[in-house]
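Peer 1: Here is my input, please return the structure:
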Amino acid sequence: MSVDEIMRRRPATIRVFIRTRMLCLGCPIGVFHSVRDACEAHNLDEEYFSRELLAAMRADDQLNAPSAFERAGA
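Peer 2: Sure thing, here's the model as predicted:
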């Protein structure tokens, strides 16, 4: 999965990218880069970064929430 897709599917991960100074948000290469590619490009430890991403995903309180469309129709 590309870093762009990760951020689109799990917006809580955007904070991790910014906090680690990986400004992949809006980068045209983000649609091609995997986490491994991005970590190599930014000289960041992939294992550390992956743990941070997973932690952000697990802590996302909106992960299982209904979509805005479902709430509006309720």
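
Peer 1: Give me the below-cutoff pLDDT ranges for this protein.
Peer 2: 62-74 (pLDDT under 70).

Peer 1: Look through it and tell me its longest helix.
Peer 2: helix 46-59 (DSSP state H).

Peer 1: which residue ranges form the helices in the chain?
Peer 2: For the chain, the helices defined by DSSP H cover 3-9, 14-19, 35-41, 46-59, 68-73.

Peer 1: Distance to P28 and mean neighbour count added to these, as JSON lines?
Peer 2: Every C-beta, even on glycine, is put in place using the N, C-alpha and C of the backbone. Output for the helices of the chain, formatted as JSON lines (distance: least, CB to CB, whole Å; neighbours: other CB atoms under 10 Å):
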{"stretch": "helix 3-9", "distance to P28": "9", "mean neighbour count": "17"}
{"stretch": "helix 14-19", "distance to P28": "15", "mean neighbour count": "15"}
{"stretch": "helix 35-41", "distance to P28": "13", "mean neighbour count": "16"}
{"stretch": "helix 46-59", "distance to P28": "21", "mean neighbour count": "14"}
{"stretch": "helix 68-73", "distance to P28": "28", "mean neighbour count": "8"}
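
Peer 1: and G26, which of those helices is closest to it?
Peer 2: helix 3-9 (9.0 Å; CB to CB).

Peer 1: Which residues does the closest one contact?
Peer 2: Outside of helix 3-9, the residues within contact range by CB atoms under 8 Å, 6 or more residues apart in numbering are 1, 13-14, 17, 22, 24-25, 27, 30-31, 33-35, 37-38, 53.
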